[in-house]
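Asker: got a predicted structure here, sequence first:
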Amino acid sequence: MSEGKIIDYSRQVNVNRTYAIIVLLFVLGGIFLFNFYTLPYPLPFLIVDIGLPGVLFVISIIFGYGSKKAIDYIPGEWEKRKAWVSFSEYEELVDKYEDAYGDLFAHPGDLMVGCCLMIFVITTAVLTAVFHYSGMILISPLIDSILLIVFLYVINSVAAFVMGFRIPTIDSDEFFKPPVTGDTYHFASQLEGVTGIRAGMSVELGIRGGTQTILTAEVKSYVQGLPDTVQVRVQVSHSGFAYPYLVGTVYKGFHVETTKEVHRIHTKYPVALEYSMDDDVAVIVARFDIPKKSSSVPNITTKDFRKLAGFIAIKLKDNYDASIQE
């Protein structure tokens, strides 16, 4: 995927060059203070091994953040194309999308990467300080100190820069849309292949200058053989566990009375169907009737959830066909 006419890196280059000069100045300053400037013990170790790396760490995070924000999206007209894709096809699109542009997304919640980088930096700083304090000599005091200071400061600055770079996304609400994820997507993807259900992703792709991006993506589920005015939406509530249920809607199709039914369909829990009207929309909510008091956390299996989807598809089709015959 070519980014030539979409992304402008010119401001980022200037930020990165300025940052490289600052790191070099810190390295030279550390080498000078440790070897050529007389300070009372233990100030050389405290300043060179702790003070300057700490300040550089903060500066590196700021510059990493600034480097990401200095990447500019160039606005322009996209050739838009809508498509219906399966969940597996959507995930392939997302994988290609992230391979091409993943570094430009925001990753502020990536705690594992942040923790690993912090542990690495702290370990490096401790080992460097121990080596300095121990008075060990590998080559010569001067060369050893230069190598250790360069190693510590480079590791410290790179790790902090990466952490800062991963926090923001570039300024583009049009080009970069986060992939659809979460419980709703997870349970909706389980409906693929269910008899009577046509489930997938409605996506709008943007094409411009050889670059393809996902402009919008939405989970959609319909009843096979019925018009698109009949939909099945996945909803997930959280009350100690993820509790998925289905909402079938029919726009200007038929009228239903407000009522509730309970059915046994060979699932762990019985199924409750709740009928209601919302203006011109008939609504059927299908959920598992889970006992309020249970000795264990309820678990809705994929097999049972797929059976629930097939059951609401039958009910929607039956009601729709009955309304047509009237």
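Answerer: Received it, and whenever you're ready, just let me know what you need.

Asker: how about stretch 316-325: buried residues?
Answerer: Leu316, Lys317, Asn319, Tyr320 (16 or more other C-beta atoms under 10 Å). No exception for glycine: its C-beta is placed from N, CA and C like everyone else's.

Asker: if I look at Leu25, how far off is Ser145?
Answerer: Using C-beta to C-beta, to the nearest Å, Leu25 is found at 17 Å from Ser145.

Asker: which of the two has more residues huddled nearby?
Answerer: Ser145 (19 against 11; other C-beta atoms under 10 Å).

Asker: for the more buried one, which non-adjacent residue is closest in space?
Answerer: Nearest residue to Ser145 in three dimensions, chain neighbours excluded: Phe34, at 5.3 Å (C-beta to C-beta, 6 or more residues apart in numbering).

Asker: helices or strands next to the host helix or strand of the one you found in the packing?
Answerer: Assigned by DSSP states H and E, Phe34 falls within helix 10-35. Using 3 or more C-beta pairs under 8 Å, 6 or more residues apart in numbering; DSSP states H and E as the contact criterion, the elements in contact with helix 10-35 are helix 52-69, helix 141-166.

Asker: can you put these in a markdown table and add distance to Gly206?
Answerer: Shown next, in a markdown table, are these (distance: least, C-beta to C-beta, whole Å):
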| stretch | distance to Gly206 |
| --- | --- |
| helix 52-69 | 22 |
| helix 141-166 | 25 |
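
Asker: now the two most distant members of the buried residues of stretch 316-325.
Answerer: Lys317 and Asn319 (7.5 Å; C-beta to C-beta).

Asker: quick one on the thing from earlier: what would the helices and strands packed on helix 10-35 look like in a markdown table with mean pLDDT and distance to Arg81?
Answerer: Output for the helices and strands packed on helix 10-35, formatted as a markdown table (pLDDT from 0 to 100; distance: least, C-beta to C-beta, whole Å):
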| stretch | mean pLDDT | distance to Arg81 |
| --- | --- | --- |
| helix 52-69 | 91 | 29 |
| helix 141-166 | 84 | 31 |
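
Asker: between those, which one is nearest to Thr213?
Answerer: Taking C-beta to C-beta, helix 52-69 is the member of the helices and strands packed on helix 10-35 nearest to Thr213, at 18.0 Å.

Asker: extract the C-alpha set from that closest one and format it as CSV.
Answerer: Only the C-alpha atoms of helix 52-69 are listed here, as CSV (Å, rounded to 0.1, in the frame of the first residue of the first chain):
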residue,chain,number,x,y,z
LEU,A,52,20.5,12.7,33.7
PRO,A,53,18.9,9.3,32.6
GLY,A,54,15.7,10.3,34.6
VAL,A,55,15.5,13.7,32.9
LEU,A,56,16.2,12.1,29.5
PHE,A,57,13.5,9.5,30.1
VAL,A,58,10.9,12.2,30.6
ILE,A,59,12.1,14.2,27.6
SER,A,60,12.1,11.0,25.4
ILE,A,61,8.5,10.3,26.3
ILE,A,62,7.5,13.9,25.3
PHE,A,63,9.5,13.7,22.0
GLY,A,64,8.0,10.2,21.3
TYR,A,65,4.6,11.6,21.7
GLY,A,66,5.5,14.7,19.6
SER,A,67,7.0,12.5,16.9
LYS,A,68,3.7,10.7,16.4
LYS,A,69,1.7,13.9,16.4
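
Asker: packing partners for it?
Answerer: So helix 52-69, by 3+ C-beta pairs under 8 Å, 6+ apart, packs with helix 10-35, helix 141-166.

Asker: C-terminal to the last one, what's the next element?
Answerer: Along the chain past helix 141-166, the next helix or strand (assigned with DSSP H and E) turns out to be helix 183-189.

Asker: same check, this time on the first one
Answerer: In the C-terminal direction, the helix or strand that comes right after helix 10-35 (DSSP H and E) is helix 43-45.

Asker: for Ser276, pull up the helix or strand it's in.
Answerer: strand 271-278.

Asker: buried set for the helix or strand following that strand?
Answerer: Helices and strands here follow DSSP H and E; after strand 271-278, the next one along the chain is strand 281-288. Within strand 281-288, the residues scored as buried using 16+ other C-beta under 10 Å are Ala282, Ile284, Val285, Ala286, Arg287, Phe288.
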